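Colleague: got a predicted model here, sequence first, then my questions.
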Amino acid sequence: MNVSNPALAPEVRARVLAAATHARAAGQPVPAVPAISPVEAYRRAADALDRTLATLGEDEWRRPAIRDLDVQGLLGHLTGVEEDVRRAIEGDPAVADAGHVESTQAAAERQAGRPPARTLGEWRDATGQTIALLDGIDDLDRGIALHGMRLPLGSLMLVRAFELWVHENDIRLSTGQPPSAPDPSALRLMTTLAARLLPSAARRGGLAVAARLRLVLTGNGGGTWDLVLGEDDAVEPPRLSIVADAVGFCRLAADRIRPADLAAHVTGNAELAAGVLAAATALALD
Amino acid sequence: MPLSLPRRCASVPTVRGTDGLLAARMSAGDDDALAEAFDRFAAAVYATAAGVIGAGTAHDVVQDVFVDLWRYPDRYDPDVGSLRTYLTVMARNRAVDILRSELRRIARQQRHYRLTPGEGQPLPGDDLVTADMTAAVRAAIERLPAPQRQVVQLAYFEGMTCREVASAVGIPEGTVKSRLRLALAKLETVLDRQLLESP
């Protein structure tokens, strides 16, 4: 404690902190964003992408976007993903371990030479079919196997929302538009999912050191998470705190920026923090 | 043939300054940030409040100020000033509110005692929230100019209405009100100066 005024009674600190966290629980961000379902997050991300696509001129569909795809090919890739998602929801084992890029490459390549309006119409039909399929499903906890992932349907739709937002920004970058942030309610779900997946990403990334990580993601849609890295039974594991912008962290998790670009504020072992942030990029699907 | 890809976006918003970061962390629900803010600023908040209403009640002001900071961290704008200034202004305003409320309560109580003469009347000022607050207020009133001190004593410690004070002193009611307003403003200033002059 760093309070120098001797007249301030020492017990006041504990009383004040307890009263504050009674008024608002620790970990609860403000302003609170309205809670939405993962399916709604996906729907909003699709709407946002649609709005961006509506602004594109004819020549902008031919701009390079990601990998060897132009904007039109990228949208074809997304149409292919929608087709695989529907097959996965319907239980088709062929897409369970298919490659995310390889499985959708044909859909991407078939856009070449087509009018952009046709590509756009095909993608809109595909997302519409996905939403129609989801509207008939109440159980978002049912397990889905797609592109090497095994996760509940709700989480899968958050991953999809994440992917749509990331590729929307690929297109915006490609066409000279400023980046967009996800809808705050969707972002809150996305940051929660990314935080929850971070320890396993760190493990896959080879981080063997045990640590208690407090991840603080700032901005509307962010939050605070206390995560355990490595083995939970370590005696007095080091404590590490990483504070970063929520949207920036999602860009990092999408492998769209480098850890150094995130301008994170780290307390604790800087080397370990760098390892955690590097591991976060492993969450990307592309 | 590979296409020439656009440069990846490296634009990430950053929170400006330590104070802005503390507030942003609190908004995100990081209670460690609240503890850090308390350790950095509680002494200044406490000293500000104690200068207005005395040491005992100032502890309650400290709690009010930090609970409010935690509940509404977005109300602090780092572009306007430092977090220390924001919190001490909050503390002063809260303390002045308490002071005004206490003076009004005394006036109400004095009027009540005058209207119910059968009940035992405490000495003026005995019901102040704390003895140190009483002392601080009394000392500040003693330093007011005589015309203002007179109307404060009659209105707050004798429990008179403004009309009664006007009649007793022989001045217009509007003058009573303006002297009370001036007196209250001076009380706040004098009590703050007492703080600054204290060791």
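Modeller: Received it, and whenever you're ready, just let me know what you need. Numbers count the residues shown, from 1 in each chain, chains lettered A, B, ... in the order given.
Colleague: relative to A:Leu213, how far out is A:Asn269?
Modeller: Separation of A:Asn269 from A:Leu213 (Cβ to Cβ, to the nearest Å): 10 Å. Glycine gets a C-beta too; all of them are placed from N, C-alpha and C.
Colleague: common neighbours of the two, please.
Modeller: A:Leu240 (Cβ atoms under 8 Å, 6 or more residues apart in numbering or on different chains).
Colleague: the more surrounded of those two?
Modeller: The neighbour count for A:Asn269 versus A:Leu213, taken as other Cβ atoms under 10 Å in any protein chain shown, is higher for A:Leu213 (24 against 15).
Colleague: where does the more buried one land in three-state SS?
Modeller: Three-state call for A:Leu213 (DSSP: H, G, I helix; E, B strand; the rest coil): strand.
Colleague: beta partners of it?
Modeller: A:Leu213 has these beta-bridge partners by DSSP bridges: A:Leu227, A:Leu240.
Colleague: got a list of what it touches?
Modeller: For A:Leu213, the contact set (Cβ under 8 Å, 6+ apart) comprises A:Leu198, A:Pro199, A:Asp226, A:Leu227, A:Val228, A:Leu229, A:Leu240, A:Ser241, A:Ile242, A:Val276.
Colleague: from those, list just the buried residues.
Modeller: Among the contacts of A:Leu213, those buried by neighbour count (16 or more other Cβ atoms under 10 Å in any protein chain shown) are A:Leu198, A:Pro199, A:Leu227, A:Leu229, A:Leu240, A:Ser241, A:Ile242, A:Val276.
Colleague: and those as TSV, adding pLDDT?
Modeller: Shown next, in TSV, are the buried ones among the contacts of A:Leu213 (pLDDT from 0 to 100):
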residue	pLDDT
A:Leu198	92
A:Pro199	91
A:Leu227	94
A:Leu229	89
A:Leu240	93
A:Ser241	95
A:Ile242	96
A:Val276	91
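Colleague: which one of these is nearest to chain B?
Modeller: Distance to chain B across these (Cβ to the nearest Cβ) is lowest for A:Ser241, with 7.2 Å.
Colleague: where's the closest one relative to A:Leu217, distance?
Modeller: Here A:Ser241 is placed at a distance of 12 Å from A:Leu217 (Cβ to Cβ).
Colleague: same check, this time on B:Ser167
Modeller: For B:Ser167, the distance to A:Leu217 - Cβ to Cβ - is 66 Å.
Colleague: the two: which has the busier surroundings?
Modeller: Legend: neighbour count by other Cβ under 10 Å for B:Ser167 and A:Leu217, higher for A:Leu217 (31 against 13).
Colleague: ok, which stretches of the chain are helices?
Modeller: Picking chain A for this. A:11-23, A:38-54, A:71-89, A:105-109, A:116-135, A:153-174, A:184-204, A:246-253, A:270-280 (DSSP state H).
Colleague: that answer is for a different chain, and I need it for chain B
Modeller: Using DSSP H, the helices of chain B run over B:17-27, B:31-53, B:55-71, B:83-115, B:131-142, B:146-152, B:162-169, B:173-197.
Colleague: counting by contacts, list what the shortest one packs against.
Modeller: Same thing as helix B:146-152. helix B:131-142, helix B:162-169, helix B:173-197 (3 or more Cβ pairs under 8 Å, 6 or more residues apart in numbering or on different chains; DSSP states H and E).
Colleague: for the longest one, give the mean pLDDT please.
Modeller: When the per-residue pLDDT values of helix B:173-197 are averaged, the result is 72.
Colleague: what do you get for the shortest one?
Modeller: Along helix B:162-169, the predicted confidence averages to a pLDDT of 86.
Colleague: how about it: buried residues?
Modeller: For helix B:162-169, burial by neighbour count (16+ other Cβ under 10 Å) applies to B:Cys162, B:Glu164, B:Val165, B:Ala166, B:Val169.
Colleague: again, but for stretch A:165-182
Modeller: For stretch A:165-182, the buried set under the neighbour-count rule, 16+ other Cβ under 10 Å, comprises A:165-175, A:181-182.
Colleague: measure how buried A:Asp59 is and give me the count.
Modeller: As a burial measure, A:Asp59 scores 9 neighbours (other Cβ under 10 Å).
Colleague: could you list the domains of chain B?
Modeller: Chain B resolves into domains spanning B:17-95, B:103-197 when parsed by automatic domain parsing.
Colleague: winner for burial among those domains?
Modeller: Highest mean neighbour count of the domains of chain B: domain B:17-95, a mean of 21 (counted as mean count of other Cβ atoms under 10 Å in any protein chain shown).
Colleague: so how far is that one off the chain centroid?
Modeller: The chain centroid and the centroid of domain B:17-95 are separated by 13 Å under Cα atoms, centre = their mean, to the nearest Å.
Colleague: circling back: A:Ala20: which of the helices of chain B is closest?
Modeller: With Cβ to Cβ as the measure, helix B:55-71 is the member of those nearest A:Ala20 (3.9 Å).
Colleague: what about that closest one and chain A, touching?
Modeller: Yes. With Cβ under 8 Å from any Cβ of the partner chain as the measure, helix B:55-71 is seen reaching chain A through B:Ala55, B:His59, B:Val62, B:Gln63, B:Phe66, B:Val67, B:Leu69, B:Trp70, B:Arg71.
Colleague: what's the mean pLDDT across that helix?
Modeller: Across helix B:55-71, the average pLDDT comes to 93.
Colleague: residues making contact with it?
Modeller: Identification of contacts with helix B:55-71 by Cβ under 8 Å, 6+ apart yields A:7-9, A:12, A:15-17, A:19-21, A:23-24, A:30, B:26, B:31, B:34, B:37-38, B:42, B:45-46, B:49-50, B:52-53, B:76, B:87, B:90-91, B:94-95, B:98, B:129-133.
Colleague: next, give phi and psi for the nearest residue to A:Pro152 once chain neighbours are set aside.
Modeller: Spatial nearest neighbour of A:Pro152, excluding adjacent residues (Cβ to Cβ, 6 or more residues apart in numbering or on different chains): A:Asp141 at 4.9 Å. With angles defined as degrees, to the nearest 10, A:Asp141 shows backbone torsions of phi -90, psi -10.
Colleague: and the pLDDT for residue 77?
Modeller: In the absence of a named chain, this looks at chain A. Looking at A:His77, its pLDDT is 96.
Colleague: hmm, no, I was thinking of chain B.
Modeller: At B:Asp77, the model reports a pLDDT of 95.
Colleague: ok, now the one 4 residues further on?
Modeller: Looking at B:Gly81, its pLDDT reads 94.
Colleague: still on that earlier bit, closest to A:Ile131 among the residues of helix B:55-71 next to chain A?
Modeller: Once Cβ to Cβ is applied, the member of the residues of helix B:55-71 next to chain A that ends up nearest A:Ile131 is B:Arg71, at 38.0 Å.
Colleague: so that closest one versus B:Leu34, what's the distance?
Modeller: B:Arg71 is 10 Å from B:Leu34, where distance means Cβ to Cβ.
Colleague: what do these two both touch?
Modeller: Shared contacts of B:Arg71 and B:Leu34, defined by Cβ under 8 Å, 6+ apart, comprise A:Ala20.
Colleague: I'd assumed A:Leu217 was in contact with B:Asp30.
Modeller: No. Contact criterion Cβ atoms under 8 Å: B:Asp30 and A:Leu217 do not qualify, at 9.8 Å.
Colleague: check contacts around B:Arg94.
Modeller: B:Ala49, B:Val61, B:Asp64, B:Val65.
Colleague: then A:Ala278?
Modeller: A:Gly205, A:Pro259.
Colleague: likewise the one 3 residues further on?
Modeller: Contacts of A:Thr281 were listed using Cβ under 8 Å, 6+ apart, and they are A:Leu252, A:Ala253, A:Asp255, A:Pro259.
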